[in-house]
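J.: Provided below are the primary sequence and the corresponding predicted coordinates.
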Amino acid sequence: MKTIRFMSRRWLALVFSGVLLLVAIGSLATKQLNWGLDFTGGTLVEVHYSETASLSAIRNTLETKGYSGATVVSFGTDRDVLIRLPQGYSDKEGAALLVTLQESFDGAVELRRIEFVGPQVGDELREQGGLAMLLALALVMLYIAFRFQFKFAVGAVVALVHDVLITLGFFSVTGMEFDLTVLAALLAVIGYSLNDTIVVSDRIRENFRKLRRTDPEEVIDISLTETLGRTLVTSLTTLLVLTALALFGGEMINGFAIALIVGVMIGTYSSIYVAANVMLMMGVNKEDLMIPVKEGSEQEDLMP
């Protein structure tokens, strides 16, 4: 198999990642995220129509009746509608919403549920979500340091932080709503990217022990080339499923699917360039991965 010289372009990849991170961090600092109702607080109303509901007509009705900022999406079928009222509307106004919808519809409108999320609960969810991501990164670093070596752990965590920041930056730049489903997708991205990084790291460790007279950059190139087929097949099949979810899954999981699409693409790139790049910059070599020899084992080998 011809070895692909991935690391010969590692400085170009470093510049590319730096530009993406600058854009993401700059947008997060200035524009921030478009927090969803789960984090900002508000009222969630689910209704069922006896006939097919027109989302545009419902939006116009709510706008004319003074429910500004309401979000109307399909929920499962074309007769089930989910309405999100922003912070400032109480659960009593959510109940009055049913009367407004019934007046503008000839058939029957049935109330399925009303949920009110206060701003304090939203703040708690935001803090707990951030802590969940930090805890996941810390546990990942401990696991890889224990299984491989500290330099591998730093490379993996830098790659994961890289993936999360760029995915967050994508949602900040585009203005897409960031809710709990997107947060769940971010945690899934961490798991996906970690799995890919561990496969590559395992092959790098194996080749460092097998190709002892080969320089580290070439060992990493060989390892990445050997795992490239597995990486691309896994990523492409995952993207096919996520694209189908994004196109046909409806509004409820659209953000989840988009976050995973961005995360999988960035995670595939980072497992090839970011993690390996950090390991090279930290000076990884075969001595870091040599199996320690127990004292006295050499003498035992020489005994008849």
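T.: That came through, no problem. Numbering: from 1, shown residues only.

J.: Could you list the domains of the protein?
T.: As assigned by automatic domain parsing, the chain contains the domains 6-35+121-289, 42-117.

J.: show me the contacts for the residue nearest the centre of the chain.
T.: Most central in the chain under C-alpha atoms, centre = their mean is Leu186, positioned 2.6 Å from the mean C-alpha point. Counting by C-beta atoms under 8 Å, 6 or more residues apart in numbering, Leu186 makes contact with Met133, Val164, Thr167, Leu168, Ala259, Gly263. The C-beta positions use only the backbone N, C-alpha and C, and glycine is treated the same way.

J.: And for Arg79?
T.: Residues near Arg79 by C-beta under 8 Å, 6+ apart: His48, Tyr49, Ser50, Glu51, Thr52, Ala53.

J.: Against Tyr67, how distant is it?
T.: Distance, Arg79 to Tyr67, by C-beta to C-beta, to the nearest Å: 21 Å.

J.: ok, now Pro216?
T.: Note on Pro216: its distance to Tyr67, by C-beta to C-beta, is 62 Å.

J.: so where do the helices sit in the stretch 201-304 of the chain?
T.: Ranges of helices within the stretch 201-304 of the chain are 216-248, 254-272, 274-281, 297-302, based on DSSP state H, counting those that start in this stretch.

J.: oh sorry, the question was meant for the stretch 1-150 of the chain
T.: Using DSSP H, counting those that start in this stretch, the helices of the stretch 1-150 of the chain run over 10-30, 37-40, 55-64, 91-103, 119-147, 150-174.

J.: Tabulate those (CSV), appending mean neighbour count.
T.: Shown next, in CSV, are those (neighbours: other C-beta atoms under 10 Å):
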stretch, mean neighbour count
helix 10-30, 14
helix 37-40, 21
helix 55-64, 14
helix 91-103, 15
helix 119-147, 14
helix 150-174, 22
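
J.: In CSV, list those helices along with mean pLDDT.
T.: Shown next, in CSV, are the helices of the stretch 1-150 of the chain (pLDDT from 0 to 100):
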stretch, mean pLDDT
helix 10-30, 92
helix 37-40, 72
helix 55-64, 83
helix 91-103, 73
helix 119-147, 72
helix 150-174, 87
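
J.: In a markdown table: the ones you listed, plus distance to Leu247.
T.: Below are the helices of the stretch 1-150 of the chain laid out as a markdown table (distance: least, C-beta to C-beta, whole Å):
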| stretch | distance to Leu247 |
| --- | --- |
| helix 10-30 | 25 |
| helix 37-40 | 24 |
| helix 55-64 | 18 |
| helix 91-103 | 29 |
| helix 119-147 | 27 |
| helix 150-174 | 17 |
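
J.: out of those helices, which comes closest to Thr225?
T.: Shortest distance between Thr225 and these, using C-beta to C-beta, is found for helix 10-30: 14.6 Å.

J.: Just the residues contacting that closest one, thanks.
T.: Residues outside helix 10-30 that contact it (C-beta under 8 Å, 6+ apart) are 162, 165-166, 168-170, 172-173, 269-270, 273-274, 276-277, 280.

J.: Between these, which sits nearest Lys151?
T.: Leu280 (9.4 Å).

J.: burial count for the closest one?
T.: Leu280 has 17 neighbours, counted by other C-beta atoms under 10 Å.

J.: and the gap between it and Thr243?
T.: Distance from Leu280 to Thr243, counting by C-beta to C-beta: 34 Å.

J.: Over to Ser27?
T.: 25 Å.

J.: and what of Ile83?
T.: 28 Å.

J.: Pick out whichever of the two has more residues nearby.
T.: More crowded of Ile83 and Thr243, by other C-beta under 10 Å: Ile83, with 23 against 13.

J.: Tell me which residues touch the more buried one, please.
T.: Ile83 is in contact with Leu44, Val45, Glu46, Val47, Ile58, Leu62, Ala70, Thr71, Val72, Leu97, counting by C-beta under 8 Å, 6+ apart.

J.: if we can go back for a sec, now distance to Ile190 too, for the helices of the stretch 201-304 of the chain, in TSV please.
T.: Shown next, in TSV, are the helices of the stretch 201-304 of the chain (distance: least, C-beta to C-beta, whole Å):
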stretch	distance to Ile190
helix 216-248	15
helix 254-272	8
helix 274-281	13
helix 297-302	40
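
J.: so which of those comes closest to Leu142?
T.: Nearest of the helices of the stretch 201-304 of the chain to Leu142, taken as C-beta to C-beta: helix 274-281 at 16.4 Å.

J.: For that closest one, which helices and strands make contact with it?
T.: The contact analysis (3 or more C-beta pairs under 8 Å, 6 or more residues apart in numbering; DSSP states H and E) places helix 274-281 against helix 10-30, helix 150-174, helix 180-210, helix 216-248.
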